[in-house]
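[1] Can you look at this prediction? I've put the sequence above it.
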Amino acid sequence: MKILLVEDEVKLSSFVRKGLEGEGYWVETAFDGQLGLSMARHGEYDVVILDVSLPQLNGFEVCRRLRAEQPKIAILLLTALGGIGHKTEGYDAGADDYLVKPFEFQELLLRVRALYRRYHDVGPGRTLGIADLTLHLTTKRVERAGRPITLTAREYALLEYLLLNQGHVVSRVDIAEKVWELKFDTNTNIIDVYITYLRRKIDKEFSPKLIHTVVGMGYVLRE
């Protein structure tokens with residue numbers, strides 16, 4: 001996911017950017033509305049997170065112009081203006097979502113993911129894949145080289161997360177907390193066990209191998 005963050009508060013911008021990058025997303029920033037609009041017009045972003053009280057050009061106007069030009073871009077307004085009148089103006093300008101400051105980062109993350117799915121996961125044929133491995137999001141079917149692979153619910157969730165983050169190293173903590181919503185216990189090897197289960201099913205009898213260990217850091221899915 002490629003995200004544009006338009007926010008003039010430097011500390012907040014840095015906080016949000018680091019958090020999103022920590023999730024494996026590509027984030028670029030702008031600190032005024034005019035620059036943000038220019039970047040959004042040329043950057044091919046999946047989601048734009050937009051403050052309202054911006055220098056040069058306010059967020060409502062940026063949203064209005066951007067929506068007129070790019071109807072398929074996801075726009076989330078992130079602002080301290082929480083009145084119903086402001087929310088009405090934001091949605092009327094074309095915003096998909098509206099989050100009021102102060103906010104919990106986890107809530108922002110959930111909303112960004114939901115917006116991405118709204119614009120990109122459309123229709124019954126939704127799939128994720130790498131090499132000859134395909135995961136069908138709607139039917140929960142997995143196959144490699146045309147052969148069906150049966151996975152448990154946890155194995156499926158793990159594979160989906162690796163596919164969504166392919167090319168990026170994910171740690172054991174990431175997997176425990178973001179895939180299964182568990183607090184990671186350093187005294188258990190449960191993550192390694194499930195990685196082994198998954199390797200047996202999607203890698204053992206196939207080439208190239210897709211799940212790789214990055215010593216001291218975690219795992220990465222890549223050809």
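    Received it, and whenever you're ready, just let me know what you need.

[2] use CA for all of it now, contacts and neighbours both
    Will do.

[3] Rank the helices and strands of this structure by mean pLDDT and give me the bottom one.
    helix 105-120 (a mean of 84; mean pLDDT, DSSP states H and E).

[4] list the buried ones in that helix?
    The neighbour-count check on helix 105-120 (16 or more other C-alpha atoms under 10 Å) flags 108, 111-112, 115-116 as buried.

[5] Give me the residues contacting it.
    Here helix 105-120 makes contact (C-alpha atoms under 8 Å, 6 or more residues apart in numbering) with 1, 16, 19-20, 46-47, 72-74, 76, 96-97, 99.

[6] Quick check: helices, which of those residues are part of them?
    Within the contacts of helix 105-120, residues falling in helices by DSSP state H are 16, 19-20.

[7] Now neighbour count, distance to Gly218 and pLDDT too, for those, in CSV please.
    Output for the ones in helices among the contacts of helix 105-120, formatted as CSV (neighbours: other C-alpha atoms under 10 Å; distance: C-alpha to C-alpha, whole Å; pLDDT from 0 to 100):
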residue, neighbour count, distance to Gly218, pLDDT
Val16, 18, 24, 94
Gly19, 16, 19, 91
Leu20, 19, 19, 91
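
[8] what ranges do the helices span in this protein?
    Under DSSP H, the chain gives helices at 10-22, 33-42, 59-69, 84-92, 105-120, 153-164, 172-174, 190-202.

[9] Any chance of JSON lines for the ones you listed, columns distance to Leu135?
    Output for the helices of the chain, formatted as JSON lines (distance: least, C-alpha to C-alpha, whole Å):
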{"stretch": "helix 10-22", "distance to Leu135": "24"}
{"stretch": "helix 33-42", "distance to Leu135": "31"}
{"stretch": "helix 59-69", "distance to Leu135": "32"}
{"stretch": "helix 84-92", "distance to Leu135": "35"}
{"stretch": "helix 105-120", "distance to Leu135": "15"}
{"stretch": "helix 153-164", "distance to Leu135": "7"}
{"stretch": "helix 172-174", "distance to Leu135": "21"}
{"stretch": "helix 190-202", "distance to Leu135": "11"}
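
[10] ok, of the buried residues of helix 105-120, which one's closest to Arg64?
    Leu115 (17.7 Å; C-alpha to C-alpha).

[11] That closest one and Ala74, how far apart?
    Using C-alpha to C-alpha, to the nearest Å, Leu115 is found at 6 Å from Ala74.

[12] which residues are in contact with both of those two?
    With C-alpha under 8 Å, 6+ apart as the test, Leu115 and Ala74 both reach 47, 96.

[13] what mean pLDDT does stretch 67-75 have?
    With pLDDT averaged residue by residue, stretch 67-75 scores 87.

[14] actually stretch 150-159, not the one I wrote
    pLDDT averaged over stretch 150-159 gives 89.

[15] which parts of that stretch are buried?
    Quick answer for stretch 150-159 (16+ other C-alpha under 10 Å): 151, 155-159.

[16] Dump those residues to CSV, plus distance to Val214.
    Shown next, in CSV, are the buried residues of stretch 150-159 (distance: C-alpha to C-alpha, whole Å):
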residue, distance to Val214
Leu151, 24
Glu155, 20
Tyr156, 21
Ala157, 20
Leu158, 17
Leu159, 17
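
[17] you'd agree Ala145 is up against Gly129?
    No: Ala145 is not in contact with Gly129 according to C-alpha atoms under 8 Å; the separation is 11.3 Å.
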